[in-house]
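Colleague: Structure for this input, please:
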Amino acid sequence: MPDDKHPPLSSSSTGGGDPAEPSAIHDPEGTPAPETPMTKPKGDDGFGLGYRFFFRFQYALLHVIGPPRLTASMDPRTKLKQDYDRRRALNEQWKAAKAKG
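Modeller: Predicted coordinates:
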């Protein structure tokens, strides 16, 4: 008596079953996978008005009462500027992806 819950062992994934069913292993047309849309940077990657204002305030404050220029790896102004540039680039990427899509 055949078991209806399990397919026969002799059928393979390419030989048996519905021929119209797509296969995850073989894509004859070579269609690219759909790109997931880039989401707006938030949290530690946000570039909102509040972040930009606070960055300028901190940068000016560090210039007036901060430590003297240190090495690039230890200077707080350099670290702030690097984070600002990273967030700005990420925001520009998001805007370009939004305009493109």
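Colleague: Tell me which residues of the one helix or strand Phe54 maps to come out buried.
Modeller: Per DSSP states H and E, Phe54 falls inside helix 49-65. Residues of helix 49-65 classed as buried by neighbour count (16 or more other CB atoms under 10 Å): Phe55. Every residue, glycine included, has its C-beta placed from N, CA and C.
Colleague: So which elements touch it?
Modeller: If you count contacts as 3 or more CB pairs under 8 Å, 6 or more residues apart in numbering; DSSP states H and E, helix 49-65 packs onto helix 76-100.
Colleague: mind listing what's buried in the helix it packs on?
Modeller: Applying a neighbour-count criterion of 16+ other CB under 10 Å, the buried positions in helix 76-100 are 77, 80, 84, 87, 90-91, 94.
Colleague: Can you tell me which of those residues lies closest to Lys40?
Modeller: Taking CB to CB as the measure, Trp94 is the one of the buried residues of helix 76-100 closest to Lys40, at 5.8 Å.
Colleague: What does the pLDDT read for that closest one?
Modeller: As summarised for this prediction, Trp94 has a pLDDT of 93.
Colleague: For the residue lying closest to it once chain neighbours are set aside, grab the count of nearby residues.
Modeller: In space, and not counting its chain neighbours, Trp94 is closest to Met38: 5.3 Å by CB to CB, 6 or more residues apart in numbering. Summarising burial for Met38: neighbours were counted as other CB atoms under 10 Å, giving 15.
Colleague: coming back round to it: can I get the buried residues of helix 76-100 in a markdown table including distance to Tyr51?
Modeller: Compiled in a markdown table, those are given as follows (distance: CB to CB, whole Å):
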| residue | distance to Tyr51 |
| --- | --- |
| Arg77 | 16 |
| Leu80 | 11 |
| Tyr84 | 8 |
| Arg87 | 7 |
| Leu90 | 12 |
| Asn91 | 10 |
| Trp94 | 14 |
